[in-house]
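>>> what would the 3D arrangement of this be:
(chains A and B)
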Amino acid sequence: MYDDIVAVTENRPLAGGHFLLSVRAPRQAQATRPGQFAMLRVLGRSDILLRRPMSIYDVTAASSQRPKGRRPKQTETVQFLYKIVGRGTRLMSELKRGDQLGLLGPLGHGFFAEDYLPQAQEAEEALHVAGGIGIAALLLAARQLAQAGFRQRLFFGGRTKDDLVGADKFKPLVRQTVLATEDSSVGHHGFVTRPLEAFLARHRNKKYLLMACGPWAMLQATVAAARQYGHPCLVSLENRMGCGLGVCLGCCIRVDGEGHSAYQRVCTEGPAFWADKIVWETESLVKT
Amino acid sequence: MARAKDKVRRGVSGNPKGAKSRKRIAVEARGLSRGKDRAASPYSEEFVPEIDTTIAGVHFQNPVLTASGTFGYGQEFAHLIDLDQLGGIVVKGISAEPMAGNPSPRIYETEAGMLNAIGLQNVGAKRFLEEKLPFLRTLRARCIVNVFGYSTEDYVRCIEILNEGDGIHAYELNISCPNTRAGGMIYGNDPKLTEEVVGAAKSAARFPVIVKLSPNVTDITVTARAAEAAGADALSLVNTLVGMAIDIETRTPRISNVTGGLSGPAIKPVALRMVYQTARAVKVPVIGLGGIATPEDALEYLIAGAQAVQVGTANFYAPGTSLRIIQGIRDYCRRQRLHLADLVGSLRVPEKLAPKAKMSEA
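You can find the predicted model right below:
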């Protein structure tokens, strides 16, 4: 984990109030593992204090403008996919190339930390389930699984077709992409968990690993489907965070445990959890 | 100041076991060399300000501490900043038994501040001693353990467990908890309850007791005096101001507990006023906190009468804040040719506008 002031290399507007933010952060880029996040801070504002937690969407090599043969390309850019949801993300959307930003990361327990791996390896195929901007948490995991030879599918849902940004990078990694929108603007009509349930029902004798990130209700439905058909399921959770360092205890969520162990920190024990660990009956965490 | 220095030389540094003798020698050595500077005229070119301070018999190398609940148990920040440079670390509130805390959402950011209702989640006194204290013991920063309970017996039981701890320099008593037996009455809002719990804690405690006051009262000098009368060695203030925020779309509270404690720069003017009033109302040292994010903020508190300050919410978003403040205080003192002791309580205010002087001096 590093705490640096980094420079924005690009802040590209996408459909539906989404942005793809790239920052030059070699230390963070090289340390990042799938499922981790970073805390971003807009500098120079005394009214907006706290950093914003964001999934690390992608890490890439430096731009190809570097003269060929100079030295091998190193991973040095960290990308974030975000949507304007409040004051913090609105400010972030105004960042321009060359602007500075506070970046703390990579943070958290990713998808494939040691204890997560064995169960993942038993699966024949990985199913990614993403709701809107939740897709940002899954790309690095999909790439790692693809490199390990896993077959994968993506189930991707949103309110409307403008919510389905970021699917293109999955194309080379997955054998199928299933889209769903609540307004039928693209793909299946309704929640993405409906085609997911139908898929699981059709392929009862296969062993899948589900990996999901999205709104609480989508996660609840995904986890219920995974349970029904007996597949292990990893989820990446979000919550408001004060520090990202594990000290403010603001991001704690209810987990299976008694007394003091009834809550765990999304920033430290998570954001990737086995679905069985979470108490899903509790109300939704937060919208933003 | 001279008295404080003598205490250091005699070894009354708040470390009961003398476990840090090597470090103390280093402190003494620096003290002596600085003593030379002090002997020289404060107008000489090489003026080096003394910014160490002694509170409740505990010597701090500088007046900047990290506030309870914002700095974990110290270790979480070890790879981000040099902890040895801090004056002290006040660890997350500890209760006799571990506590789970409140449901999510627990925090919400407001204009220049944040609301929190964590619910005092902590590992409990025993695990603190086993898992957290050994690391804190290795630091030069003084270790202050924030203690809370829901009854006077809870506080005493927690202190009795913590008394076994080696490397604790003082307790900070969080009296902003509701006393469940007194019908949920907040200890810190009632001078009688304050006296009761401070008196009991003081009798039980092996280390000095700093009482952390709640700002959610009409007149903070009333509880401040009550805590002092019951034997508090020092006071720290303020804890968070109770506030709330509402999501107008769903018409629900922004945090699960409905109300929460407001912290951050938004509360600084209120907290500063309370520190000013309290410093004039009691004889014991006052530690000021509330929205400190810059050296200038800290200096305001010191001038208002705080002998030390705590940095809280700023740790969340700028972990280097405390170190920048220490440097800023040093630079200011050098520029102003003042030692910390000369600065504390040096507010220039017309006599007729000043609140009543310390009762004890009247």
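>>> against chain A, how distant is B:A201?
Look at B:A201 and chain A: by Cβ to the nearest Cβ, to the nearest Å, they are 23 Å apart. From N, CA and C alone the C-beta is placed, and that goes for glycine too.
>>> that residue: neighbouring residues, count only.
24 (other Cβ atoms under 10 Å in any protein chain shown).
>>> ditto for B:D331
Using other Cβ under 10 Å, the number of residues around B:D331 comes to 12.
>>> out of everything not next to it in sequence, what's closest to it?
Distances taken as Cβ to Cβ, 6 or more residues apart in numbering or on different chains place B:P295 nearest to B:D331, at 7.6 Å, with adjacent residues excluded.
>>> wait, what's in contact with A:L139?
Contact analysis of A:L139 by Cβ atoms under 8 Å, 6 or more residues apart in numbering or on different chains lists A:Y57, A:D58, A:G166, A:K169, A:F170.
>>> cool, and B:A224?
B:L213, B:L235, B:L237, B:T278, B:A281, B:V282.
>>> how near is the fourth one to chain A?
Yep, that's B:T278 we're talking about. 26 Å.
>>> again, but for the second one
Per Cβ to the nearest Cβ, B:L235 is found 24 Å from chain A.
>>> do the same with the first one
When Cβ to the nearest Cβ is the yardstick, B:L213 and chain A sit 22 Å from each other.
>>> one more: the third one?
B:L237 sits at a distance of 21 Å from chain A (criterion: Cβ to the nearest Cβ).
>>> can you tell me the closest non-neighbouring residue to that residue?
B:L213 (4.1 Å).
>>> so the one you found touches B:A232, yeah?
No. Checked against Cβ atoms under 8 Å, the pair B:L213 and B:A232 is beyond contact range at 9.5 Å.
>>> around chain B, pick out the residues from chain A.
Residues of chain A lying close to chain B (Cβ under 8 Å from any Cβ of the partner chain) are A:1, A:3, A:41, A:46-51, A:88, A:102, A:239-243, A:245-254, A:259-263, A:282-283, A:285-286.
>>> distance of the nearest residue to B:A281 once chain neighbours are set aside from chain A?
Leaving out its chain neighbours, the residue that sits closest to B:A281 by Cβ to Cβ, 6+ apart is B:T221, at 3.9 Å. Applying Cβ to the nearest Cβ, the value for B:T221 to chain A is 30 Å.
>>> what about B:T221, which helix or strand?
If you go by DSSP states H and E, B:T221 is part of helix B:220-229.
>>> give me the buried positions along that helix.
Residues B:I220, B:T221, B:T223, B:A224, B:R225, B:A226, B:A227, B:E228 are the ones in helix B:220-229 that count as buried (16 or more other Cβ atoms under 10 Å in any protein chain shown).
>>> pLDDT weak spots in chain A?
Residues of chain A meeting the criterion pLDDT under 70: A:62-74, A:114-120, A:282-288.
>>> what domains does the record give for it?
A:2-107, A:114-277 (automatic domain parsing).
>>> counting neighbours, what do you get for the closest residue to A:P215 other than its chain neighbours?
Closest residue to A:P215 apart from its sequence neighbours, by Cβ to Cβ, 6+ apart: A:G131 at 5.0 Å. Neighbour count of A:G131, defined by other Cβ under 10 Å: 26.
>>> dump the residue contacts of A:T77.
A:T9, A:S22, A:V23, A:R24, A:A25, A:A29, A:V59, A:T60, A:A61, A:A62, A:S63.
>>> ok, B:A293 to B:N239 distance?
The spacing between B:A293 and B:N239, counted by Cβ to Cβ, to the nearest Å, is 17 Å.
>>> nope, B:N216 is what I was after
Separation of B:N216 from B:N239 (Cβ to Cβ): 8 Å.
>>> which residues do the two both contact?
Shared contacts of B:N216 and B:N239 (Cβ under 8 Å, 6+ apart): B:S176, B:G188.
>>> those two - which one has more neighbours?
More crowded of B:N216 and B:N239, by other Cβ under 10 Å: B:N239, with 24 against 17.
>>> setting aside sequence neighbours, what's the nearest residue to the one residue in the stretch 51-200 of chain A that gets nearest to chain B?
Closest to chain B within the stretch 51-200 of chain A is A:R51: 5.3 Å, counting by Cβ to the nearest Cβ. What sits nearest to A:R51 in space, not counting adjacent residues and going by Cβ to Cβ, 6+ apart, is A:M39, at 3.7 Å.
>>> just the element for that neighbour, please.
Assigned by DSSP H and E, A:M39 belongs to strand A:37-42.
>>> mind listing what's buried along that strand?
Buried residues in strand A:37-42 (16+ other Cβ under 10 Å): A:F37, A:A38, A:M39, A:L40, A:R41, A:V42.
>>> pretty sure A:R151 sits against A:E124.
Yes. A:R151 lies in contact with A:E124 (Cβ under 8 Å); the separation is 7.2 Å.
>>> looking only at neighbour counts, state which of the two leads.
Neighbours were counted for A:R151 and for A:E124 using other Cβ under 10 Å; A:R151 has more, 15 against 11.
>>> so who does the more buried one touch?
Counting by Cβ under 8 Å, 6+ apart, A:R151 touches A:E124, A:E125, A:A126, A:R175.
>>> what does A:A167 give?
A:I135, A:L154, A:F156, A:T177, A:L179.
>>> in strands only, show me those.
A:L154, A:F156, A:T177, A:L179 (DSSP state E).
>>> which residue, other than its chain neighbours, is closest to the third one?
Computed as Cβ to Cβ, 6+ apart, the closest residue to A:T177 that is not its neighbour in sequence is A:L154, at 4.7 Å.
>>> how about the residues of the stretch 101-250 of chain B that lie near chain A?
For the stretch 101-250 of chain B, the residues in contact with chain A (Cβ under 8 Å from any Cβ) are B:101, B:103-109, B:111-114, B:116, B:118, B:121-124.
>>> quick one: is the helix or strand harbouring B:F316 near chain A?
B:F316 is part of helix B:314-317, with elements assigned from DSSP H and E. Yes. Helix B:314-317 lies within reach of chain A by Cβ under 8 Å from any Cβ, at B:A314, B:N315, B:F316, B:Y317.
>>> so the second one is in contact with A:G244, correct?
Okay, so that is B:N315. No. Assessed by Cβ under 8 Å, B:N315 is found out of contact with A:G244, at 11.8 Å.
>>> out of the residues of helix B:314-317 next to chain A, which is nearest to A:A201?
Using Cβ to Cβ, the shortest approach to A:A201 within the residues of helix B:314-317 next to chain A belongs to B:F316, at 45.7 Å.
>>> return the backbone torsion pair for the closest residue to that closest one other than its chain neighbours.
In space, and not counting its chain neighbours, B:F316 is closest to A:C243: 4.0 Å by Cβ to Cβ, 6+ apart. With angles defined as degrees, to the nearest 10, A:C243 sits at phi -130, psi -30.
>>> burial check on A:C243, number of neighbours?
29.
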